[in-house]
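Colleague: Sequence and computational prediction follow.
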Amino acid sequence: MTTFAQRYGPWAVIAGASEGTGRAFARQIAAQGVACVLIARRGDPLVALAEEIRANHGVEVVTAAIDLATPGALDEILAAVGAREVGLFVSNAGADPNGSRFHDRELATWTGLVQRNVVTVVGCCHHFGGLMRARRRGGLLLVNSAACYGGGSFLATYSASKAFDLCFAEGLWAELRPHGVDVLCLVMSTTDTPALRALLAEKGMPLPPGVASPEAVAEMGLARLPDGPVQNWGAAEDEAGMAPMSAAARRARVLALDQNSKFIFGD
Ligand SMILES: NC(=O)c1ccc[n+]([C@@H]2O[C@H](COP(=O)([O-])OP(=O)(O)OC[C@H]3O[C@@H](n4cnc5c(N)ncnc54)[C@H](OP(=O)(O)O)[C@@H]3O)[C@@H](O)[C@H]2O)c1
């Protein structure tokens, strides 16, 4: 039996760890004996979380205040991580705080979102995933949203970035599974995070009923990390009526594509 720490330790990097689901991921990963590099823009909540985790779980914790939406983010992450061996990368930062139509915001708003949700994620997966492939173990967990399944008003750039992450995770899952590296696109539903509450408060809207708790979402993500490429919060693998989103259907499609790709490109 391989333990979580043997499979995904000794260090995890959690991008977007200062609150909500990211904080829940950090606490649960540390509880498994894995040391953490915590990243977000605000340093103070990261430092407070680091102290709490060290006290509760006795693992090492490093914090780094980095804006993932800037072009230099990857270099800053790599500098913060240094020579530590990273066996788990969690990409959690990624919500759209704007709730706006595309042309009602400056272009820089949307290019920043793409930088954070796409470019920085690709860079981290290339770096950490490459080292995991060489070591033949590890995990990449990309937190996603049901917005990944299609575009809509108020969601154009956000859903497009999430669709990228969905296909990216599926492709990486197919490529890395022969090398012992797990890849999961965790599709969240409405979850009670500070970011969601802030957006709803700005719009004068109440918290909808039945929202998920960050702790439950993180628990599911870590438990199902070996069961990629996609898992949907609150839905069974092949739940009727949600064929395009069905985790089982997407896995079957990726495997079929993989066979086809091998025919064209070789093993
Ligand atoms: N909440 C929901 O209902 C919901 C639903 C579906 C999917 N999701 C997904 O769940 C994930 C977490 O969402 P969330 O609601 O917690 O909101 P979020 O705005 O993604 O915040 C999560 C964490 O990311 C950090 N963060 C955000 N932007 C950052 C940046 N530019 N650079 C560095 N860190 C950054 C935040 O800390 P700082 O502010 O300190 O930087 C926070 O610690 C996202 O990927 C989102 O798409 C959420």
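Modeller: On my side now, so go ahead. Residues are numbered from 1 along each chain as shown.
Colleague: who in the stretch 101-250 of the chain is up against the ligand?
Modeller: On the criterion Cβ under 6 Å from any ligand atom, the ligand has as its neighbours in the stretch 101-250 of the chain the residues 116, 143, 145, 188, 190, 191, 193, 195, 196. Using the backbone N, CA and C atoms, a C-beta is placed for each residue, glycine as well.
Colleague: which ones among those residues are found in strands?
Modeller: 143, 145, 188 (DSSP state E).
Colleague: per-residue confidence at the second one?
Modeller: pLDDT, the model's per-residue confidence, is 95 for residue 145.
Colleague: shaky segments in this protein?
Modeller: Across the chain, residues meeting the criterion (pLDDT under 70) sit at 238, 240-241.
Colleague: hey, where'd the strands end up in it?
Modeller: Listed in chain order, the strands of the chain (DSSP E) span residues 11-15, 35-40, 61-65, 86-91, 138-145, 181-188, 230-232.
Colleague: Residue 254: what's it in contact with?
Modeller: Contacts of residue 254 were listed using Cβ atoms under 8 Å, 6 or more residues apart in numbering, and they are 170, 171, 173, 174, 229.
Colleague: Quick check: it vs the ligand, distance?
Modeller: Distance of residue 254 to the ligand, given as Cβ to the nearest ligand atom, to the nearest Å: 21 Å.
Colleague: what's the closest non-adjacent residue to that residue?
Modeller: Nearest residue to residue 254, sequence neighbours excluded (Cβ to Cβ, 6 or more residues apart in numbering): residue 170, at 4.8 Å.
Colleague: what's around that neighbour, how many residues?
Modeller: By the criterion of other Cβ atoms under 10 Å, residue 170 has 21 neighbours.
Colleague: Now do stretch 174-190: distance to the chain's middle.
Modeller: Relative to the mean C-alpha coordinate of its chain, stretch 174-190 is positioned 10 Å out (Cα atoms, centre = their mean, to the nearest Å).
Colleague: so how far is the first residue of that stretch from its last?
Modeller: Looking at stretch 174-190, the gap from its leading to its trailing residue is 28 Å under the measure Cα to Cα, to the nearest Å.
Colleague: Of all the residues in it, which ones are buried?
Modeller: Using 16 or more other Cβ atoms under 10 Å as the test for burial, stretch 174-190 gives 174, 176, 177, 181, 182, 183, 184, 185, 186, 187, 188, 190.
Colleague: Likewise for stretch 74-88?
Modeller: Within stretch 74-88, the residues scored as buried using 16+ other Cβ under 10 Å are 74, 76, 77, 80, 81, 86, 87, 88.
Colleague: got a markdown table for the residues you listed, with distance to residue 44 too?
Modeller: Output for the buried residues of stretch 74-88, formatted as a markdown table (distance: Cβ to Cβ, whole Å):
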| residue | distance to residue 44 |
| --- | --- |
| 74 | 24 |
| 76 | 18 |
| 77 | 19 |
| 80 | 17 |
| 81 | 21 |
| 86 | 24 |
| 87 | 28 |
| 88 | 25 |
